[in-house]
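Chemist: requesting a structural model of the entry that follows:
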Amino acid sequence: VWVPRAADWFIALLITIEERYSMLPQPGHRLQFLELQLELVEEWRVRLTQLLSAALSGAEDGSCPRELTAVINSAHHTRCVLLQWAHSLHYLQLHYYRRQFQHFTQRQHHDDTDSPSSSSDDDDTDSDRKSSKPEADSDEETMSLKEVELRAKKMALNEVTRRDSVVPDLSDFDITSPIANLTVTDPLPGDEDAEEAGVFAEAPALLAHLRDAGLAALADRILLEFKATLRDYKKQKWHAMPIVEEKALCVSPA
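Modeler: Below is the predicted model:
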């Protein structure tokens with residue numbers, strides 16, 4: 001697939017950002033740079049959408065669909081790279097960190113919104129119940145950053161090992177069935193498993209939607225051009241055309 005220069009430079013920018021923050025010791029700092037990457041991906045998708053609209057308006061005027069092809073290839077290349085990165089060890093760890101951070105934030109927000117509306121007797125009973133709880137619960141609630149990082153590495157390694165050990169079942173793919181009336185907007189089998197974007201959330205799915213929209217527009221343009229070339233062919237009167245006399249093949253004396 002032809003990769004436009006802009007898409008190649010954008011992926012190189014994301015790789016440069018990843019190399020700069022991957023060695024940071026604090027997970028929170030790495031998550032901040034991850035949010036920057038996600039914002040850049042969203043801005044890139046919005047820009048591709050604008051270019052797609054401009055390319056579609058230019059295609060109606062009869063211009064070359066090179067811009068439309070560039071947008072389609074850029075969206076497809078970016079989506080494939082994001083899905084490949086989502087299964088790597090680095091982004092699996094960040095995905096776990098982000099989920100833990102969101103969980104802790106929601107729990108803290110829930111604790112702050114709860115207002116104590118009980119009497120002193122209720123406070124005494126609550127204090128007795130809290131003192132009777134096992135210490136294991138308090139240890140689970142107060143996880144240090146080091147424990148979170150170790151658990152994230154362990155879960156990420158297990159996920160990578162699980163993905164590498166999965167053998168595809170060839171019986172799920174029917175190679176004998178013919179491909180008929182397949183449009184570019186019809187979802188292909190197996191795309192649901194490929195949409196496991198991990199930390200990139202819905203970005204690959206939105207890029208796939210943009211790519212499919214561009215492919216549908218490109219297919220309609222090719223079909224219209226093909227129909228336009230057939231008009232002169234259909235108007236020709238084949239029964240009234242002069243018949244070319246057959247000439248006998250001869251060999252020259254030389």
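Chemist: ok, Ala216 to His95 distance?
Modeler: The gap separating Ala216 from His95 is 32 Å, by CB to CB, to the nearest Å. In this view, the C-beta of every residue, glycine as well, is placed from N, C-alpha and C.
Chemist: between these two, which is the more surrounded one?
Modeler: In this view Ala216 and His95 are compared by other CB atoms under 10 Å, and His95 has more residues nearby, 21 against 13.
Chemist: which helix or strand contains that one?
Modeler: helix 89-113 (DSSP states H and E).
Chemist: which helices and strands does that helix pack with?
Modeler: Helices and strands touching helix 89-113, by 3 or more CB pairs under 8 Å, 6 or more residues apart in numbering; DSSP states H and E, are helix 27-60, helix 66-86, helix 145-165.
Chemist: at 6 Å what do you get?
Modeler: Helix 89-113 sits against helix 27-60, helix 145-165, with contacts defined as 3 or more CB pairs under 6 Å, 6 or more residues apart in numbering; DSSP states H and E.
Chemist: where does the prediction get shaky in the stretch 1-150 of the chain?
Modeler: Applying pLDDT under 70 to the stretch 1-150 of the chain flags residues 59-64, 109, 111-112, 114-150.
Chemist: what of the stretch 151-254 of the chain?
Modeler: Those would be 151-195, 238-254, if you go by pLDDT under 70 across the stretch 151-254 of the chain.
Chemist: for Ala7, give me its contacts.
Modeler: Counting by CB atoms under 6 Å, 6 or more residues apart in numbering, Ala7 makes contact with 74, 77.
Chemist: and with 8 Å instead?
Modeler: Counting by CB atoms under 8 Å, 6 or more residues apart in numbering, Ala7 makes contact with 73-74, 77-78.
Chemist: by neighbour count, which of these wins?
Modeler: That'd be Ser74 among those, by other CB under 10 Å, with 29 neighbours.
Chemist: name the nearest residue to that one, ignoring sequence neighbours.
Modeler: Computed as CB to CB, 6 or more residues apart in numbering, the closest residue to Ser74 that is not its neighbour in sequence is Ala7, at 3.9 Å.
Chemist: what strand or helix carries the one you found?
Modeler: Ala7 belongs to helix 5-21 when elements are defined using DSSP H and E.
Chemist: over to Leu24?
Modeler: Per DSSP H and E: Leu24 is located in neither a helix nor a strand.
Chemist: how about it, phi and psi?
Modeler: phi -70, psi 140 (degrees, to the nearest 10).
Chemist: what's the local residue count around it?
Modeler: 13.
Chemist: same question, Val41
Modeler: Val41: 20 surrounding residues under other CB under 10 Å.
Chemist: show me the contacts for the residue nearest to it when sequence neighbours are not counted.
Modeler: Using CB to CB, 6+ apart and skipping residues adjacent in sequence, the residue nearest Val41 is Ala203, 5.1 Å away. By CB under 8 Å, 6+ apart, the contact list for Ala203 reads 38, 41-42, 45, 82, 197.
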